[in-house]
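Participant: Below are the sequence and a predicted model for it; my questions follow.
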Amino acid sequence: MVTTLEDDIEDNIKADASETQAAVKRSIKALEDASTPLAAMKASAESTGHASQSCSDAVLQLGTEHTDCVTSQNAMSSTALSLCEAKDNLASLELPTSPSELDCDFTAGSCADSITAYKVASDAWIASQRSTISTKYSAYTAAKELCDTATQAFENKKTECEGKATDHTNKMHQCDHLQAAHQIAKCTFGDKLQVKCDKRASYETLVAQITQTKVAHTHADKDRKTEWAATQQLKCLITNLMERKPLDSTAMAGCTKDPVAAEQDFVDNVNWTDTMVSQFESFISGDLTCDPTMTSIAFAGSNDAFTRDQSQQPFAYCAATPDLTCGENYNCVVGANTYDRNPAATKCLLSTGCTTADCCHRPPL
């Protein structure tokens, strides 16, 4: 009978204690596995955030440069129009008709004197007009040179502004890619952080069970100690019975250990569960504690509302369920660059749908 108690009840108590201790170790290991990569993942998310912010700053600078360029272009256009209008005004010249007329009176002779007089007057008129034409032509060529120079300067500025507009647009596309990559990194980090929070909750549930009393599960240490003490008392009483000793109050008292002895007997044979509190506390220290007050996560340049519940997305911009995939023909043009496609089955992680950061990667240099 005593052997049966030892083989059945005592062995079961010890086995339950061993399983509870093993469960604590498994829970701590799961918490460790979930906690270990988080620092690097958060640093990576913040690094992509810095890259995204730097890109946004560059976009603002390029936008300012383009605006300034267009302002200068408009001023050059106005100048060119004015100078070219002045050139056009000098492009033609209406000359007065000859002031003299050839009038021959054949009754007075062959008209030679009239012809000579007419030629002298015409030559004088032509010489005068040649001087006027030369002066006007010089003014026109000077005006044309100013017009052509201003027009070329305007065209050059226009080309420059078109280049700046292209640079600005390409940089915005690059920033969209970097911003998406930043959010994806935060979502990936957030998913892993939710796992840690779940593992913390599981550990705390297990520890709560260990400290409970009068419960149906086998994790309760105090119930285990009570059961162990009762078993030792029963073994003692059965031994007395087998020795034909009376089962009276004296026998009951003799089979009942005092608290100190009962404690030592339990510790020596079964022992209290080590809940590994120091290891647990080392994993929940810092800013990623997963306690109920952790409702937001501070990243470089932002503070994002965080949901610990794994049935919901960790951050509002993360996809609730990553069911959308990139597909075979995702457009991987990012600004002035064409990236390589990721596999078609790659899942898209943002609530806005697939992005180049999900579906594309920069080809190796």
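Facilitator: Arrived safely. Computed from a predicted model, the values in this text were never measured in an experiment.
Participant: only C-alpha atoms for contact and neighbour calcs from this point on.
Facilitator: Fine.
Participant: ok, A298 to P37 distance?
Facilitator: Noted for A298: a distance of 17 Å to P37, by CA to CA, to the nearest Å.
Participant: Ignore what I typed, I meant Q73.
Facilitator: 53 Å.
Participant: what does L60 give?
Facilitator: L60 is 35 Å from P37, by CA to CA.
Participant: same thing with T159?
Facilitator: T159 is 50 Å from P37, by CA to CA.
Participant: Show me what counts as buried in stretch 150-160.
Facilitator: 150-151, 153-154, 157-158, 160 (16 or more other CA atoms under 10 Å).
Participant: whoops, I mixed them up, stretch 109-125
Facilitator: Residues of stretch 109-125 classed as buried: 118, 121-122, 125 (neighbour count, 16+ other CA under 10 Å).
Participant: swap in stretch 294-312?
Facilitator: By 16+ other CA under 10 Å, the buried positions in stretch 294-312 come out as 297, 304, 306-308.
Participant: Mind checking the pLDDT average for it?
Facilitator: On average, the pLDDT along stretch 294-312 is 92.
Participant: cool, stretch 132-149 as well?
Facilitator: The average of the pLDDT scores along stretch 132-149 is 90.
Participant: Can you pull the phi/psi pair for A40?
Facilitator: Torsion angles at A40 (phi, psi; degrees, to the nearest 10) stand at phi -70, psi -40.
Participant: can you check V334 too?
Facilitator: According to degrees, to the nearest 10, V334 has phi -120, psi 100.
Participant: Roughly how far does it sit from A345?
Facilitator: 20 Å.
Participant: So the two - more neighbours on which side?
Facilitator: Using other CA atoms under 10 Å, the more surrounded residue of V334 and A345 is V334, with 21 against 13.
Participant: Pull out the buried positions in stretch 43-58.
Facilitator: So, applying 16+ other CA under 10 Å, buried residues of stretch 43-58: 43-53, 55-56, 58.
Participant: I misspoke; the intended subject was stretch 252-264.
Facilitator: Of all the residues in stretch 252-264, those buried under the rule 16+ other CA under 10 Å are 252, 255-256, 262.
Participant: Kindly indicate which of those lies nearest K144.
Facilitator: A262 (114.5 Å; CA to CA).
Participant: Who are the packing partners of the helix or strand where A261 lies?
Facilitator: When elements are assigned from DSSP states H and E, A261 belongs to helix 259-269. Here helix 259-269 touches helix 221-242, going by 3 or more CA pairs under 8 Å, 6 or more residues apart in numbering; DSSP states H and E.
Participant: quick check: angle from the helix it packs on to helix 259-269?
Facilitator: Relative orientation of helix 221-242 and helix 259-269, computed by axes from the mean of the first three to the mean of the last three CA atoms, to 10 degrees: 100 degrees.
Participant: Figure out how far helix 221-242 is from the centre of its chain.
Facilitator: Helix 221-242 sits 63 Å away from the centroid of its parent chain (CA atoms, centre = their mean, to the nearest Å).
Participant: Please enumerate residues in contact with it?
Facilitator: 1-2, 5, 9-10, 13, 17, 210-215, 218, 246-247, 251-252, 255-256, 262, 266, 272-273 (CA atoms under 8 Å, 6 or more residues apart in numbering).
Participant: what number of residues lie near L60?
Facilitator: Neighbouring residues of L60 were enumerated by other CA under 10 Å; the total is 15.
Participant: Quick check: pLDDT value at it.
Facilitator: At L60, the pLDDT value in this model is 97.
Participant: Would you mind measuring from it to E101?
Facilitator: Taken as CA to CA, the span from L60 to E101 is 74 Å.
Participant: ditto for T141
Facilitator: Separation of T141 from E101 (CA to CA): 34 Å.
Participant: With G163 instead?
Facilitator: Counting by CA to CA, the gap from G163 to E101 is 64 Å.
Participant: Report the residue spans of the stretch 1-150 of the chain with pLDDT below the cut-off.
Facilitator: Low-confidence segments of the stretch 1-150 of the chain, defined by pLDDT under 70, are located at 1-7, 98-100.
Participant: cutoff 80 now
Facilitator: In the predicted model of the stretch 1-150 of the chain, residues 1-8, 93, 95-110, 112-118, 120-124, 126, 129 satisfy pLDDT under 80.
Participant: neighbour count winner among Q73 and P37?
Facilitator: Higher neighbour count among Q73 and P37: Q73, with 21 against 13, using other CA under 10 Å.
Participant: what sits against that one?
Facilitator: 154, 157-158, 161.
Participant: Ok, V70 next?
Facilitator: Contact partners of V70, counting by CA under 8 Å, 6+ apart, are 158, 161.
Participant: At which residues are the strands of this protein located?
Facilitator: Assigned by DSSP state E, the strands in the chain fall at 296-299, 302-305, 333-334, 337-338, 340-341, 360-361.
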